[in-house]
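Student: Sequence and predicted structure, then a few things I'm wondering about:
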Amino acid sequence: MGLDDDSREYHRQDPPGKIEIATTKPTNTQRDLSLAYSPGVAAPCLDIAEDEDAAYEYTAKGNLVGVVSNGSAVLGLGDIGAQASKPVMEGKGVLFKRFADID
């Protein structure tokens, strides 16, 4: 197998892609879910509304980035479109996580 075939297999292995979202708090009980979402989430939301810096205390903001592309200039691939650029964007996320532990 060559690099292209190896890469296709690497990306399609179950689960497809290279990244996932994982919870950092318990989500086993109804109370856990009420704290994570409604109605419990209102208290930290209101705190953040009063003081935007509170977002660093209550959310992943301090260690979270988004990688976004319209796919018009992807590495050496050129204008391949947003959907086709997704493996590259996931790869950038992998590098952030692997080398800097940034989500």
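Tutor: Sure, I can see it. Because the structure is predicted, anything quoted here is derived from the model rather than measured.

Student: how does this protein divide into domains?
Tutor: 26-62, 65-103 (automatic domain parsing).

Student: what's the span of the shortest one, first residue to last?
Tutor: Which is domain 26-62. 20 Å (CA to CA, to the nearest Å).

Student: Show me what counts as buried in that domain.
Tutor: 35, 48, 54 (16 or more other CB atoms under 10 Å). Where C-beta positions appear, they are placed from N, C-alpha and C, glycine not excepted.

Student: Between those residues, which sits nearest residue 89?
Tutor: Ranked by distance to residue 89 (CB to CB), those are led by residue 48 at 27.5 Å.

Student: after whichever strand or helix holds the closest one comes which helix or strand?
Tutor: For residue 48, the enclosing helix or strand under DSSP states H and E is helix 42-50. Once the chain leaves helix 42-50, the next helix or strand it forms, by DSSP H and E, is helix 55-58.

Student: how far out from the middle of the chain is the helix holding residue 48?
Tutor: 23 Å (CA atoms, centre = their mean, to the nearest Å).

Student: Alpha carbons only: can I get that helix in PDB?
Tutor: Taking Å, rounded to 0.1, in the frame of the first residue of the first chain, the C-alpha atoms of helix 42-50 are listed here in PDB:
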ATOM      1  CA  ALA A  42     -28.500  29.700  33.700                       C
ATOM      2  CA  ALA A  43     -26.400  30.700  36.800                       C
ATOM      3  CA  PRO A  44     -23.000  30.700  35.100                       C
ATOM      4  CA  CYS A  45     -24.600  32.300  32.000                       C
ATOM      5  CA  LEU A  46     -25.800  35.200  34.100                       C
ATOM      6  CA  ASP A  47     -22.400  35.500  35.800                       C
ATOM      7  CA  ILE A  48     -20.800  35.700  32.400                       C
ATOM      8  CA  ALA A  49     -23.300  38.300  31.300                       C
ATOM      9  CA  GLU A  50     -22.200  40.500  34.300                       C
END
